[in-house]
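# sequence first, then the predicted structure:
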Amino acid sequence: MTEPVTRDAPRISFVSLGCPKALVDSERILTHLRAEGYELSRHHDGADVVIVNTCGFLDSAKAESLEAIGTAMKQNGKVIVTGCMGAEPEQIRDAFPNVLAITGPQQYESVLGAVHTAVPPAHDPFIDLVPPQGIKLTPRHYAYLKISEGCNNRCSFCIIPKLRGDLVSRPAADVLREAERLVKAGVKELLVISQDTSAYGVDLKYATSLWRDREVRAKFLDLSAALGELGAWVRMHYVYPYPHVDAVVELMAEGKILPYIDIPFQHASPSVLKAMRRPGNQEKTADRIHKWREICPDLAVRSTFIVGFPGETDEDFEFLLDWLDEVKLDRVGCFKFEPVDGAPANDLGPHVPEEVKQHRWDRFMQRQQAISAKRLAKKVGRRVPVIIDESNGLSAKGRTVWDAPEIDGSVHVTSRRPIRVGDIVTVKLERADPYDLYGQVV
Ligand code: SF4
């Protein structure tokens, strides 16, 4: 269907920076604006106003956000700033005193209010033009599904609870209805996100809500099982290793949701984990991972780590490397510790010198690369489903159930018949390099 266009509709240019969670916020804001008759502009200079959704997590992300605001000011001049960095407006005001408005994360109403003031909505809002699933910034075949906001943990390197507050979960029926709409609109893969997915529903005391004539509890397990009924791939991000996650891994073994779990371990040494104030009983995580692999042998475990955390000793770091050898994770990201303004970790010590951080990072990556490559090579010879992300017809790039978009590896696919983005095809895996797989559609 072609959407009618009004010449008078005000135009918005939108920049979305930061993590997948920020992307979901952007999608929500755009959906509202589109519902009110606003149109999206590809360029700042053709827009009536520019919205910049910022990320304020690390200093480097702040710098990127300030640069994006600067570009928007130069090319357009009417700029509204929202997102995590909006929680600390002084820095933005100091650099750009003329921005129209600054609002913090999740303040949809304030963003909409600022847009209305800057450029009022067209007289006749085209509410019925909005696709029921909303406007999505991600490709049509996958979508992020945010199940809660905020976080009850207080990790010492993180200021997210300060920016976003304590955990606020969405009722299960609300999440499931959004997921259903997405699947109806053609989404084949749902990426479940939040700050702490395994804590979902704690704030609601796991209250039930009505979905498809039955009550569903706001609980990680119950929500996972219900999402698994929708016929889409369901991928779990930001899970912590609590005992109740075992039952969710059983759903993975039964094929109801993808055999993939993204757990930001951040470290393995007990003293560093303690200084980081990480949630979950992280000292026993190696046992937990072994248990999960017993339940679901095909499980892929992805994680992120921080090296060079204040107080990390050579022994702590060696412990981490040994731990990597023991647990054999599939995919791993690693960051060098960077102080975040306002985080308690900045006052811990001693700080690790930059060259030591770099050296540890190199060793960490080298060690893990060999592990990941081995695990990937074991998959060669198998016939597996692959979801296609990019296609040139007879050659394409996609992902297995063990790889999430943007952060993990790809499968490079050749085919005798044309394949399209969003197709799920069966591929015989023929070879692997340290990051990616290669194969043919069968
Ligand atoms: S779990 Fe820790 S790192 Fe993650 S958002 Fe909560 S406080 Fe921050």
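Looks like it arrived, so ask away. Residues are numbered from 1 along each chain as shown.
# tell me where the stretch 301-442 of the chain has strands.
Secondary structure of the stretch 301-442 of the chain by DSSP state E, counting those that start in this stretch: the strands cover 331-336, 383-391, 393-399, 411-419, 424-432, 437-441.
# and residue 321, which of those strands is closest to it?
Closest to residue 321 of the strands of the stretch 301-442 of the chain is strand 331-336 (Cβ to Cβ; 11.6 Å). Where you see a C-beta, it was placed from the backbone N, CA and C, and this is true even at glycine.
# shouldn't residue 70 be in contact with residue 92?
No: using Cβ atoms under 8 Å, residue 70 is not in contact with residue 92; the gap is 10.5 Å.
# and residue 282, what's its pLDDT?
Note for residue 282: predicted pLDDT of 61.
# correction: residue 128
Per-residue confidence (pLDDT) for residue 128: 44.
# which residues of the stretch 1-150 of the chain score low on pLDDT?
Across the stretch 1-150 of the chain, the ranges flagged by pLDDT under 70 are 1-8, 35, 122-136.
# of all the strands of the stretch 301-442 of the chain, which one is nearest residue 39?
Closest to residue 39 of the strands of the stretch 301-442 of the chain is strand 383-391 (Cβ to Cβ; 27.2 Å).
# may I have that closest one as CSV, with CA atoms only?
The C-alpha trace of strand 383-391 is given here as CSV (Å, rounded to 0.1, in the frame of the first residue of the first chain):
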residue,chain,number,x,y,z
ARG,A,383,22.3,-28.3,8.1
VAL,A,384,20.9,-25.4,10.0
PRO,A,385,18.2,-22.6,9.6
VAL,A,386,19.6,-19.2,8.6
ILE,A,387,17.7,-15.9,8.7
ILE,A,388,18.7,-13.7,5.8
ASP,A,389,19.8,-10.1,6.6
GLU,A,390,21.2,-9.0,3.3
SER,A,391,20.8,-10.5,-0.2
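# and whichever residue of the stretch 201-350 of the chain sits closest to the ligand, what does it touch?
As assessed by Cβ to the nearest ligand atom, the ligand sits closest to residue 279 within the stretch 201-350 of the chain, at 5.7 Å. By Cβ atoms under 8 Å, 6 or more residues apart in numbering, residue 279 lies in contact with 153, 155, 196, 199, 240.
# also near the ligand: which of those, exactly?
Under the cut-off given by Cβ under 6 Å from any ligand atom, the ligand has 153, 155, 196 from those close to it.
# if I read this right, the first one contacts residue 276, doesn't it?
Which is residue 153. No: under the criterion of Cβ under 8 Å, residue 153 lies out of contact with residue 276, with a separation of 10.2 Å.
# so those two - more neighbours on which side?
Of the pair residue 153 and residue 276, residue 276 is the one with more neighbours under other Cβ atoms under 10 Å, namely 24 against 17.
# just to revisit the earlier point, from the ones next to the ligand among the contacts of residue 279, which ones fall inside strands?
Among those, the subset assigned to strands under DSSP state E is empty.
# mind listing the residues bridging to residue 262?
With DSSP bridges as the criterion, residue 262 is bridged to residue 302.
# who has more neighbours, residue 70 and residue 92?
Per other Cβ under 10 Å, whichever of residue 70 and residue 92 has more neighbours is residue 92, with 22 against 14.
# any idea which element that one lies in?
Per DSSP states H and E, residue 92 falls inside helix 89-95.
# what is that helix packed up against?
In this structure, helix 89-95 makes packing contacts with helix 59-75, strand 101-102, judged by 3 or more Cβ pairs under 8 Å, 6 or more residues apart in numbering; DSSP states H and E.
# ok, the helix or strand just after the longest one: who's next to it in the sheet?
It stands for helix 59-75. Scanning forward in sequence from helix 59-75 by DSSP H and E, the next helix or strand is strand 79-83. Here strand 79-83 is paired, per DSSP bridges, with strand 49-54 (parallel), strand 101-102 (parallel).
# nearest to the ligand, of these?
Of all the strands paired with strand 79-83, strand 49-54 sits nearest to the ligand, with 17.2 Å by Cβ to the nearest ligand atom.
# would you mind listing the outside residues contacting that closest one?
Applying Cβ under 8 Å, 6+ apart, the external contacts of strand 49-54 come out as 10, 12-18, 22, 25-26, 29, 44, 62, 65, 68-69, 72, 75-76, 78-86, 100, 111, 115, 118-119.
# for it, the distance to its chain's centre please.
Its chain's C-alpha centre and that of strand 49-54 lie 20 Å apart, by Cα atoms, centre = their mean, to the nearest Å.
# list the contacts for residue 393?
418-419.
# same question, residue 99
Contacts of residue 99 by Cβ under 8 Å, 6+ apart are 69, 73, 79-81, 92-93.
# dump the residues you listed to a markdown table, plus distance to residue 370.
Formatted as a markdown table, the contacts of residue 99 follow (distance: Cβ to Cβ, whole Å):
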| residue | distance to residue 370 |
| --- | --- |
| 69 | 42 |
| 73 | 47 |
| 79 | 47 |
| 80 | 48 |
| 81 | 44 |
| 92 | 44 |
| 93 | 49 |
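# quick one: buried ones out of those residues?
Burial by neighbour count, 16 or more other Cβ atoms under 10 Å: within the contacts of residue 99 this picks out 69, 73, 79-81, 92.
# got those residues as JSON lines, with distance to residue 224 columns?
Formatted as JSON lines, these follow (distance: Cβ to Cβ, whole Å):
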{"residue": "69", "distance to residue 224": "39"}
{"residue": "73", "distance to residue 224": "44"}
{"residue": "79", "distance to residue 224": "40"}
{"residue": "80", "distance to residue 224": "37"}
{"residue": "81", "distance to residue 224": "36"}
{"residue": "92", "distance to residue 224": "39"}
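# interface residues of the stretch 101-250 of the chain facing the ligand?
Taking Cβ under 6 Å from any ligand atom, the part of the stretch 101-250 of the chain that reaches the ligand is made up of 151, 153-155, 158, 160-161, 195-196.
# now do the helices in this protein.
20-35, 59-75, 89-95, 108-118, 160-164, 172-184, 220-227, 245-253, 270-276, 285-295, 314-327, 354-377 (DSSP state H).
# most tightly packed of the ones you listed?
Looking across the helices of the chain with neighbours counted as mean count of other Cβ atoms under 10 Å, the highest average goes to helix 220-227: a mean of 22.
# output that one as CSV, nothing but the C-alphas.
These are the backbone C-alpha positions of helix 220-227, laid out as CSV (Å, rounded to 0.1, in the frame of the first residue of the first chain):
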residue,chain,number,x,y,z
PHE,A,220,10.8,-14.5,32.8
LEU,A,221,9.8,-18.1,32.3
ASP,A,222,6.1,-17.5,31.6
LEU,A,223,6.8,-14.7,29.3
SER,A,224,9.4,-16.7,27.4
ALA,A,225,7.0,-19.6,27.0
ALA,A,226,4.2,-17.4,25.7
LEU,A,227,6.5,-15.5,23.3
